[in-house]
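**Q** Quick one: sequence and predicted model below, then my questions.
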Amino acid sequence: MGNCSYSLETGPLAINYLEFHYCVMAEHPWMSFTMLCMWLLLLFYLVGHTADEYFSPTLSTLCRKLAIPFDVAGVTLLAFGNGAPDIFSSLATSTSGTMETGVNALLGGVMFVTTVVVGAVLQSSPLACVKITPRPFCRDILALLITLGILAIDLPTSTSSMSSAMLLLSCYVVYVLAVVVPSWLSSKTNAQTTSDPYTHGVLFAFWHAPELFPTVRTKYSFVSVPESSPLPSAPAFHVDEAYFPAPTSSELATPLLDTSIKAEITPHATPRQVLASTSSTLHYILLDLLRNATIPMVLVSSWSRRRAFCSVLISPLFVCWIFSRGAFSLHDALICLSISMPIACIVYLSTYPKTAPTSRWICWLFYLLGFVSCVGWIYGLASEVVAVLTTLGVITTLPASVLGLTVLSWGNSIGDLSTNVAIAKGGCAEMALAGCFGGPVFNLLVGLGIPFLFLQKSNQTSIVPWDIHGIVSLISLGLSLLLTLSIGIVYKFSCPKWYGKVLYGLYVIYTAVHVAILCRWI
């Protein structure tokens, strides 16, 4: 009971989880612990689902609207969508004073992806040997090794987070150039075309290229307005997504408060049908309704003027509340409403009830508001994840670094596992394998560079020192990458199926070492 006065950094919901465990649920600690774990799992699901179903389609649309070349989009905006859970989790740890959790989570996530996920891809592939495109494979692994070298040398000796941030972000710029320039030069000489997906290994990590993923697709429709079109309505284009199964119209695309979300139950419906329809409605109300109300999206197949009005009205309030970190007052809310209300009314009066708008300014308003709202959602959810993890660390007395390299990294990487296995089973193991090395480069460089900038802004100029778990992760990751590179070269840029089991073994040994350190066996 003495811990009732113990205070920790809370998330956007301002829930004191430690007080909940030690005071509110003092007589039922196991029930409280179970509830916190279930809540953590739900938060992980919401982070990944928001990134996949809302953020990435919005980024895909922005790439197309801005006519960003696919090479550039793949390593910038689309990479941002793919790595959003890792990046915002790292950012949340920097703003909550637990940066060591974020560093270890990123390293643990890269270790998980480059061993367990790669191993699962090799084991799931119907081929005995998976071919590798040499240039992207070598480039991405070398980029990861160079990044690890920078972390090992710079972080222990640097006294300024700003210098480390600039170094990491500069390396990311060099990496982008290493991806884009060779492709641009080769296209100029007609040696290869950028339309060939197999020339862009890094892009396989980003599942919004329609030509890359012929299987397991989800389709989103967005308005495409031609530069000059006399027609009152413009054609739509589609952004295909290969991550999670397609949401039903009642889950994502249904207009806010539309009666169509209510399942039609016939007089002869079975109890199972009634239960299923009720469950679907509850899922929508509890998990999707708030996001639909606060994330503006232009969905051609299910446009709703009412939902558009509500999302434009509410999203600025939501974004300001999330980023105010508890300092959002009634006065601030009234200012937001005074700005958003006229805009929402204009949108309502200038659009049709069931026909998506073709006006450029309305579409751009929705794209930009949707982008900012998605950032707010993912950052807010990631901050809540960090708050729960910190509480679980206090309850279990586990170091924050251990929770970062295990629970946080697993939660953020499980989506990569399911996606890449599905792609490998569909006969595209080369794509999945290349994505396992392309995505982590962005996550490490940007996922650490941006949080270090925030450390500088908050006057925390000292870099987080390495603990023993971080050093183990750094060494293990470097050795596993060198082994993978060696196997690829020895087998003439192909990976044998049996190597997947070796990677499984490496991750088991890696985890066992951390457990042994935790138990002070070594």
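**A** On my side now, so go ahead.
**Q** tally of neighbours for Gly326?
**A** A count of nearby residues for Gly326, using other C-beta atoms under 10 Å, gives 9. C-beta here means a position set from N, CA and C on the backbone, and glycine is covered the same way.
**Q** what's it sitting at in phi/psi?
**A** Dihedral angles of Gly326 (phi, psi; degrees, to the nearest 10) stand at phi 90, psi 0.
**Q** Any figure for the gap between the residue nearest to it when sequence neighbours are not counted and Arg325?
**A** Spatially, and ignoring its direct neighbours in sequence, Gly326 is nearest to Ala14 (6.1 Å; C-beta to C-beta, 6 or more residues apart in numbering). Distance check for Ala14 against Arg325: by C-beta to C-beta, to the nearest Å, it reads 10 Å.
**Q** what do you get for Ile487?
**A** Shown here: Ile487 relative to Arg325, a distance of 47 Å by C-beta to C-beta.
**Q** for Ser125, same thing?
**A** The separation that Ser125 has from Arg325, given C-beta to C-beta, amounts to 46 Å.
**Q** go on, Gly435?
**A** 35 Å.
**Q** ok, now Phe20?
**A** For Phe20, the distance to Arg325 (C-beta to C-beta) stands at 20 Å.
**Q** What about Met99, how many residues nearby?
**A** If you count neighbours by other C-beta under 10 Å, Met99 ends up with 24.
**Q** re earlier: when Ser125 and Arg325 are compared, which one has more neighbours?
**A** Set Ser125 next to Arg325 and count neighbours by other C-beta under 10 Å: Ser125 wins out with 24 against 15.
**Q** Mind pulling the model confidence for the more buried one?
**A** Among the per-residue scores, Ser125 holds a pLDDT of 87.
**Q** wait, isn't it in contact with Ile423?
**A** No: using C-beta atoms under 8 Å, Ser125 and Ile423 do not qualify as a contacting pair, with a distance of 9.7 Å.
**Q** what do those two both touch?
**A** Contact criterion C-beta atoms under 8 Å, 6 or more residues apart in numbering; residues bridging Ser125 and Ile423 by contacting each: Ala429.
**Q** in the stretch 401-522 of the chain, which spans are helices?
**A** Secondary structure of the stretch 401-522 of the chain, counting by DSSP state H, counting those that start in this stretch: helices at 409-425, 429-457, 468-490, 499-518.
**Q** now for the shortest one, which elements pack on it?
**A** Yep, that's helix 409-425 we're talking about. Based on contacts counted as 3 or more C-beta pairs under 8 Å, 6 or more residues apart in numbering; DSSP states H and E, the elements that helix 409-425 packs against are helix 29-50, helix 84-95, helix 99-112, helix 118-124, helix 429-457.
**Q** buried stuff in it?
**A** Buried residues in helix 409-425, counting neighbours by 16 or more other C-beta atoms under 10 Å, are found at 409-417, 419-425.
**Q** Equivalent analysis for the last one, please.
**A** If you call a residue buried by 16+ other C-beta under 10 Å, then helix 499-518 has these buried ones: 499-500, 502-504, 506-507, 510-511, 513-514, 517.
**Q** just the second one next, same as before
**A** Of the residues in helix 429-457, those with enough neighbours to count as buried (16+ other C-beta under 10 Å) are 429-456.
**Q** Low-confidence ranges, the stretch 101-250 of the chain, go.
**A** By pLDDT under 70, the low-scoring segments of the stretch 101-250 of the chain are 157-160, 187, 189-250.
**Q** Where do the strands of it begin and end?
**A** Ranges of strands within the stretch 101-250 of the chain are 129-131, 218-223, 236-241, based on DSSP state E, counting those that start in this stretch.
**Q** next one: the top helix by length along the chain to chain centre, how far?
**A** Among the elements of type helix in the chain, defined by DSSP state H, the one spanning the most residues is helix 360-396. In this view, helix 360-396 has its centroid 10 Å away from the chain centroid, taken as C-alpha atoms, centre = their mean, to the nearest Å.
**Q** so it versus helix 409-425, what angle?
**A** When axes from the mean of the first three to the mean of the last three C-alpha atoms, to 10 degrees is applied, the directions of helix 360-396 and helix 409-425 differ by 120 degrees.
**Q** Tell me which residues touch Ala51, please.
**A** 81-82, 84-85, 374, 378.
**Q** Identify the farthest-apart pair in the residues you listed.
**A** With distances taken as C-beta to C-beta, the most widely separated pair in those is Asn82 and Cys374, at 13.4 Å.
**Q** the bottom helix or strand of this protein by mean pLDDT?
**A** When each helix and strand of the chain is scored by mean pLDDT, DSSP states H and E, strand 218-223 comes last, with a mean of 38.
**Q** got the contact list for stretch 407-419?
**A** With C-beta under 8 Å, 6+ apart as the criterion, stretch 407-419 contacts 40-41, 44, 47-48, 52, 85-86, 89, 101, 104-109, 111-113, 116-117, 120, 207, 242-244, 385-386, 389, 392, 432, 435-436, 439.
**Q** Restricting to C-alpha, output it in CSV.
**A** Coordinates of the C-alpha atoms in stretch 407-419 are reproduced here as CSV (Å, rounded to 0.1, in the frame of the first residue of the first chain):
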residue,chain,number,x,y,z
VAL,A,407,8.1,-7.3,-25.2
LEU,A,408,8.2,-4.0,-27.1
SER,A,409,10.3,-5.4,-30.0
TRP,A,410,8.1,-8.4,-30.4
GLY,A,411,4.9,-6.4,-30.3
ASN,A,412,6.2,-4.0,-33.0
SER,A,413,7.6,-6.8,-35.2
ILE,A,414,4.9,-9.4,-35.1
GLY,A,415,3.2,-7.8,-38.1
ASP,A,416,6.4,-8.2,-40.1
LEU,A,417,6.4,-11.9,-39.3
SER,A,418,2.8,-12.5,-40.5
THR,A,419,3.2,-10.3,-43.6
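**Q** Distance from the chain centre to that stretch, please.
**A** When C-alpha coordinates are averaged (C-alpha atoms, centre = their mean), stretch 407-419 and its chain have centres 10 Å apart.
**Q** Low-confidence ranges, the stretch 351-500 of the chain, go.
**A** 456-465.
**Q** mind putting the helices and strands packed on helix 409-425 in TSV, distance to Ala73 included?
**A** Below are the helices and strands packed on helix 409-425 laid out as TSV (distance: least, C-beta to C-beta, whole Å):
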stretch	distance to Ala73
helix 29-50	20
helix 84-95	15
helix 99-112	22
helix 118-124	24
helix 429-457	12
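**Q** on that earlier part again, pick out whichever of the contacts of Ala51 sits closest to Ser96.
**A** When those are compared for distance to Ser96 (C-beta to C-beta), Ile378 wins out at 15.4 Å.
**Q** Excluding chain neighbours, what is closest to the closest one?
**A** Closest residue to Ile378 in three dimensions, ignoring its sequence neighbours and counting by C-beta to C-beta, 6+ apart: Phe88, at 4.7 Å.
**Q** Next, count neighbours for that neighbour.
**A** Other residues within reach of Phe88 by the criterion other C-beta under 10 Å amount to 28.
**Q** Please apply the same query to Phe80.
**A** Around Phe80 there are 20 residues (other C-beta under 10 Å).
**Q** shouldn't it be in contact with Gly74?
**A** No: with contact defined as C-beta under 8 Å, Phe80 does not reach Gly74; the gap is 10.7 Å.
**Q** Done for today, thanks.
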